[in-house]
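In: Predicted model and sequence follow; I will ask about them next.
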Amino acid sequence: VLHRSAREIDVRESLWLSAFYIIVALLFGAGVAAMKGTPAALDYMTGYFVEKSLSLDNVFVIATIFAFFAIPRAYQHRVLFWGILGVIVMRALLIAGGAALLHNFAWTLYIFGAFLFLTGVKMLVGGNHAPDLASNPVLKYLRRHFNVTDQLHGEKFLVRLPDATGKMRLFMTPLLMALILVELADLLFAVDSVPAIFAID
(Lines give C-alpha, C1' and ligand atoms only; values in the text may rest on other atoms or scores of the structure.)
Protein backbone atom coordinates (compact mmCIF):
# COMPACT_ATOMS: atom_id res chain seq x y z
CA VAL A 1 0.00 0.00 0.00
CA LEU A 2 2.74 2.46 1.02
CA HIS A 3 5.44 1.30 -1.39
CA ARG A 4 3.99 -0.08 -4.61
CA SER A 5 6.86 0.82 -6.93
CA ALA A 6 10.48 -0.24 -6.49
CA ARG A 7 12.41 2.77 -5.23
CA GLU A 8 15.13 3.54 -2.73
CA ILE A 9 13.99 4.90 0.64
CA ASP A 10 16.38 7.57 1.90
CA VAL A 11 17.45 8.06 5.52
CA ARG A 12 15.03 10.95 6.09
CA GLU A 13 12.02 8.92 4.97
CA SER A 14 13.22 5.93 7.01
CA LEU A 15 13.42 8.08 10.15
CA TRP A 16 9.92 9.46 9.56
CA LEU A 17 8.53 5.97 9.01
CA SER A 18 10.24 4.68 12.16
CA ALA A 19 8.88 7.62 14.17
CA PHE A 20 5.39 6.96 12.79
CA TYR A 21 5.42 3.28 13.79
CA ILE A 22 6.79 4.08 17.27
CA ILE A 23 4.01 6.66 17.77
CA VAL A 24 1.42 4.09 16.64
CA ALA A 25 2.81 1.59 19.18
CA LEU A 26 2.72 4.19 21.96
CA LEU A 27 -0.85 5.20 21.06
CA PHE A 28 -1.84 1.53 21.17
CA GLY A 29 -0.27 1.35 24.65
CA ALA A 30 -2.36 4.35 25.69
CA GLY A 31 -5.44 2.53 24.38
CA VAL A 32 -4.51 -0.55 26.41
CA ALA A 33 -4.18 1.66 29.51
CA ALA A 34 -7.59 3.21 28.90
CA MET A 35 -9.35 -0.12 28.34
CA LYS A 36 -7.41 -2.56 30.53
CA GLY A 37 -5.70 -0.38 33.13
CA THR A 38 -2.13 0.63 33.94
CA PRO A 39 -0.73 -2.85 34.78
CA ALA A 40 -1.76 -4.23 31.38
CA ALA A 41 -0.31 -1.16 29.65
CA LEU A 42 2.99 -1.61 31.52
CA ASP A 43 3.10 -5.27 30.42
CA TYR A 44 2.48 -4.20 26.83
CA MET A 45 5.10 -1.41 26.88
CA THR A 46 7.68 -3.69 28.53
CA GLY A 47 7.05 -6.29 25.83
CA TYR A 48 7.26 -3.65 23.12
CA PHE A 49 10.64 -2.31 24.29
CA VAL A 50 12.02 -5.85 24.77
CA GLU A 51 11.05 -6.69 21.18
CA LYS A 52 12.46 -3.38 19.96
CA SER A 53 15.83 -4.04 21.58
CA LEU A 54 15.96 -7.67 20.41
CA SER A 55 15.19 -6.60 16.84
CA LEU A 56 18.55 -4.81 16.57
CA ASP A 57 20.32 -8.14 15.99
CA ASN A 58 17.85 -8.88 13.24
CA VAL A 59 18.73 -5.64 11.44
CA PHE A 60 22.43 -6.58 11.23
CA VAL A 61 21.68 -10.09 9.98
CA ILE A 62 19.29 -8.81 7.30
CA ALA A 63 21.87 -6.20 6.22
CA THR A 64 24.43 -9.02 5.90
CA ILE A 65 22.00 -11.04 3.75
CA PHE A 66 21.34 -8.06 1.46
CA ALA A 67 25.08 -7.42 1.10
CA PHE A 68 25.82 -11.09 0.34
CA PHE A 69 23.25 -11.21 -2.50
CA ALA A 70 24.07 -7.64 -3.62
CA ILE A 71 20.41 -6.64 -3.39
CA PRO A 72 20.01 -3.00 -4.50
CA ARG A 73 18.31 -0.75 -1.98
CA ALA A 74 15.47 -0.15 -4.45
CA TYR A 75 14.48 -3.86 -4.18
CA GLN A 76 15.12 -4.39 -0.47
CA HIS A 77 11.68 -3.12 0.52
CA ARG A 78 10.00 -5.96 -1.41
CA VAL A 79 11.96 -8.55 0.57
CA LEU A 80 11.30 -6.76 3.86
CA PHE A 81 7.57 -6.40 3.11
CA TRP A 82 7.06 -10.14 2.62
CA GLY A 83 9.51 -10.88 5.42
CA ILE A 84 7.44 -8.82 7.86
CA LEU A 85 4.22 -10.55 6.80
CA GLY A 86 5.93 -13.90 7.31
CA VAL A 87 7.25 -13.02 10.75
CA ILE A 88 3.82 -11.80 11.86
CA VAL A 89 2.34 -15.18 10.96
CA MET A 90 5.24 -17.13 12.52
CA ARG A 91 5.19 -15.16 15.77
CA ALA A 92 1.42 -15.44 16.01
CA LEU A 93 1.73 -19.23 15.74
CA LEU A 94 4.63 -19.35 18.23
CA ILE A 95 2.79 -17.13 20.72
CA ALA A 96 -0.40 -19.18 20.41
CA GLY A 97 1.57 -22.42 20.84
CA GLY A 98 3.53 -21.01 23.78
CA ALA A 99 0.37 -19.73 25.46
CA ALA A 100 -1.25 -23.15 25.09
CA LEU A 101 1.85 -24.83 26.56
CA LEU A 102 1.98 -22.46 29.53
CA HIS A 103 -1.74 -22.82 30.15
CA ASN A 104 -1.55 -26.61 30.28
CA PHE A 105 2.03 -27.06 31.52
CA ALA A 106 3.16 -24.09 33.62
CA TRP A 107 6.57 -25.71 34.21
CA THR A 108 7.49 -25.10 30.54
CA LEU A 109 8.26 -21.49 31.55
CA TYR A 110 11.42 -22.84 33.22
CA ILE A 111 12.43 -24.46 29.92
CA PHE A 112 11.93 -21.11 28.15
CA GLY A 113 14.07 -19.44 30.83
CA ALA A 114 16.83 -22.03 30.50
CA PHE A 115 16.77 -21.58 26.72
CA LEU A 116 17.20 -17.80 27.08
CA PHE A 117 20.02 -18.30 29.58
CA LEU A 118 21.89 -20.69 27.28
CA THR A 119 21.40 -18.34 24.34
CA GLY A 120 22.87 -15.48 26.38
CA VAL A 121 25.86 -17.60 27.44
CA LYS A 122 26.47 -18.66 23.84
CA MET A 123 26.44 -15.02 22.69
CA LEU A 124 28.79 -14.02 25.51
CA VAL A 125 31.29 -16.83 24.89
CA GLY A 126 31.01 -17.02 21.11
CA GLY A 127 31.31 -13.31 20.47
CA ASN A 128 29.51 -11.40 17.75
CA HIS A 129 30.61 -12.91 14.45
CA ALA A 130 28.96 -12.22 11.11
CA PRO A 131 27.15 -15.26 9.72
CA ASP A 132 29.00 -17.21 7.01
CA LEU A 133 26.29 -17.21 4.33
CA ALA A 134 28.49 -18.83 1.70
CA SER A 135 28.46 -22.07 3.70
CA ASN A 136 24.86 -21.73 4.89
CA PRO A 137 23.24 -25.21 4.69
CA VAL A 138 19.87 -23.80 3.56
CA LEU A 139 21.52 -21.91 0.73
CA LYS A 140 23.47 -25.00 -0.29
CA TYR A 141 20.25 -27.05 -0.26
CA LEU A 142 18.44 -24.51 -2.45
CA ARG A 143 21.27 -24.42 -4.99
CA ARG A 144 21.48 -28.21 -5.06
CA HIS A 145 17.76 -29.02 -5.39
CA PHE A 146 16.30 -26.05 -7.26
CA ASN A 147 16.98 -24.03 -10.37
CA VAL A 148 18.74 -20.89 -9.17
CA THR A 149 19.99 -17.88 -11.10
CA ASP A 150 22.74 -15.64 -9.76
CA GLN A 151 21.42 -12.63 -11.65
CA LEU A 152 18.71 -10.31 -10.38
CA HIS A 153 15.68 -9.87 -12.61
CA GLY A 154 14.24 -6.64 -11.31
CA GLU A 155 12.05 -7.23 -8.27
CA LYS A 156 10.94 -10.71 -9.40
CA PHE A 157 11.25 -13.68 -7.06
CA LEU A 158 10.81 -16.26 -9.85
CA VAL A 159 11.65 -16.10 -13.56
CA ARG A 160 11.35 -18.47 -16.51
CA LEU A 161 14.71 -19.14 -18.15
CA PRO A 162 16.16 -21.83 -20.45
CA ASP A 163 18.09 -24.56 -18.64
CA ALA A 164 21.22 -26.34 -19.94
CA THR A 165 19.07 -28.29 -22.44
CA GLY A 166 17.28 -25.19 -23.69
CA LYS A 167 13.98 -26.08 -21.99
CA MET A 168 12.21 -23.20 -20.23
CA ARG A 169 12.09 -23.72 -16.49
CA LEU A 170 11.23 -21.72 -13.39
CA PHE A 171 14.30 -20.27 -11.64
CA MET A 172 14.66 -18.74 -8.20
CA THR A 173 16.29 -15.31 -8.18
CA PRO A 174 18.68 -13.98 -5.52
CA LEU A 175 15.75 -11.87 -4.29
CA LEU A 176 13.78 -15.02 -3.37
CA MET A 177 16.80 -16.65 -1.74
CA ALA A 178 17.33 -13.49 0.30
CA LEU A 179 13.67 -13.62 1.37
CA ILE A 180 13.98 -17.26 2.45
CA LEU A 181 17.06 -16.49 4.57
CA VAL A 182 15.36 -13.41 6.06
CA GLU A 183 12.33 -15.54 7.03
CA LEU A 184 14.58 -18.17 8.63
CA ALA A 185 16.49 -15.48 10.52
CA ASP A 186 13.16 -14.04 11.72
CA LEU A 187 12.09 -17.50 12.87
CA LEU A 188 15.32 -18.01 14.84
CA PHE A 189 15.00 -14.60 16.48
CA ALA A 190 11.34 -15.26 17.27
CA VAL A 191 12.33 -18.42 19.15
CA ASP A 192 14.45 -16.17 21.38
CA SER A 193 12.04 -13.28 21.78
CA VAL A 194 8.77 -15.11 22.38
CA PRO A 195 10.01 -16.79 25.61
CA ALA A 196 11.28 -13.36 26.74
CA ILE A 197 7.80 -11.93 26.24
CA PHE A 198 6.18 -14.78 28.22
CA ALA A 199 8.69 -14.18 31.02
CA ILE A 200 7.40 -10.61 31.40
CA ASP A 201 3.96 -11.84 32.46
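Out: Cool, got the structure.

In: ok, and the closest non-adjacent residue to Ala99?
Out: Spatial nearest neighbour of Ala99, chain neighbours left out: Phe198 (7.8 Å); criterion: CB to CB, 6 or more residues apart in numbering. Any C-beta I mention is one placed from the backbone N, CA and C, and that applies to glycine too.

In: Who are the contact partners of the one you found?
Out: With contacts defined as CB atoms under 8 Å, 6 or more residues apart in numbering, the neighbours of Phe198 are 98-99, 102, 109, 112.

In: Quick check: it vs Asp43, distance?
Out: The gap separating Phe198 from Asp43 is 11 Å, by CB to CB, to the nearest Å.

In: could the contacts of Phe198 go into TSV alongside pLDDT and distance to Pro174?
Out: Conversion of the contacts of Phe198 to TSV gives the following (pLDDT from 0 to 100; distance: CB to CB, whole Å):
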residue	pLDDT	distance to Pro174
Gly98	78	34
Ala99	79	37
Leu102	77	40
Leu109	73	41
Phe112	72	36
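
In: So among the residues you listed, which ones count as buried?
Out: Neighbour-count burial (16 or more other CB atoms under 10 Å) is assigned, among those, to 98, 109, 112.

In: From Glu51, how far out is the second one?
Out: Which is Leu109. Counting by CB to CB, the gap from Leu109 to Glu51 is 18 Å.

In: ok, now Ala30?
Out: Here Ala30 is placed at a distance of 18 Å from Glu51 (CB to CB).

In: With Ala33 instead?
Out: Ala33 is 18 Å from Glu51, by CB to CB.

In: Ok, Phe81 next?
Out: Note on Phe81: its distance to Glu51, by CB to CB, is 19 Å.

In: Pick out whichever of these two has more residues nearby.
Out: A side-by-side neighbour count of Phe81 and Glu51, using other CB atoms under 10 Å, places Glu51 first with 17 against 14.

In: can you pull out the helices in this protein?
Out: Under the criterion DSSP state H, the chain contains helices at 11-36, 38-69, 73-104, 108-126, 137-145, 174-200.

In: tally of neighbours for Gly29?
Out: Counted by other CB under 10 Å, the residues lying close to Gly29 total 18.

In: repeat for Phe69
Out: Using other CB under 10 Å, the number of residues around Phe69 comes to 21.

In: before we move on, what about the one 5 residues further on?
Out: Number of residues near Ala74 (other CB under 10 Å) recorded here: 14.
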